[in-house]
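> Pasted the sequence and its predicted model underneath.
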Amino acid sequence: MYDGHFDKPKTKRGMRTIPIGAETAEILTVLRPATVDARSLIFAKSDQTPLDRGNLLRKHLKPAAKKLGLSGVTWHLLRHSHATMLDGVGTPIGTMQALLGHSAPEITREIYLHAIPEEQRRAVESVERLVLGPKLDPSSASDAAVSGTVH
């Protein structure tokens, strides 16, 4: 489904199963239409026609984001955010590539992944600990000087 029309995806990679978590499945089960066929939509207008992505963005997504103090939210931003979160939880690049439907891992890595400041800080601190070792406790350093021992 794209822009109100049922059609085949642009590429073979576009034809894929997208896994969802158990909680999401429960939510969607509650929303599922009473009668289900290949063209049944979970999210539809009252006349069961497809929702318009532009209207969803303007009337629902952007106002919700604004209430949260977020600006510049778009469908593509959500896609980039999803890729970055997948990376943040340690998802292998091949799995991210498959989930996003990219033809090459370079597309996922070079275009969709973005650094998260908190993760950058943790990474730098981890390297610092690796290079410099554990910090000395100032009280044990003075004890060592007095007793002539090294801790």
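Okay, I see it.

> Only C-alpha atoms from now on, for both contacts and neighbour counts.
Noted.

> For the most centrally placed residue in the chain, what is the enclosing helix or strand?
In the chain, the centroid-proximal residue (CA atoms, centre = their mean) is His82; its distance is 2.1 Å. Using DSSP states H and E, His82 sits in helix 75-88.

> What mean pLDDT does the helix or strand following that helix get?
Where DSSP H and E defines the elements, the next helix or strand beyond helix 75-88 is helix 93-100. In this model, helix 93-100 has an average pLDDT of 89.

> my guess is Gln48 contacts Thr35, does it?
No - in this structure, Gln48 is not within contact of Thr35 by CA atoms under 8 Å, at 11.8 Å.

> Would you pull up how far stretch 19-35 lies from the middle of the chain?
20 Å (CA atoms, centre = their mean, to the nearest Å).

> swap that for stretch 127-136, please
Per CA atoms, centre = their mean, the centroid offset for stretch 127-136 relative to its chain is 31 Å.

> got the contact list for that stretch?
Contacting residues not belonging to stretch 127-136 are not present [CA atoms under 8 Å, 6 or more residues apart in numbering].

> Can you show me the CA trace of it as PDB?
Extracted in PDB, the C-alpha atoms of stretch 127-136 (Å, rounded to 0.1, in the frame of the first residue of the first chain):
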ATOM      1  CA  VAL A 127      38.500   3.800  25.500                       C
ATOM      2  CA  GLU A 128      39.800   6.100  28.200                       C
ATOM      3  CA  ARG A 129      39.400   3.400  30.800                       C
ATOM      4  CA  LEU A 130      41.100   0.900  28.400                       C
ATOM      5  CA  VAL A 131      44.100   3.200  27.800                       C
ATOM      6  CA  LEU A 132      44.500   4.800  31.200                       C
ATOM      7  CA  GLY A 133      43.300   1.900  33.400                       C
ATOM      8  CA  PRO A 134      41.200   2.200  36.500                       C
ATOM      9  CA  LYS A 135      41.300   5.500  38.500                       C
ATOM     10  CA  LEU A 136      43.300   5.400  41.700                       C
END
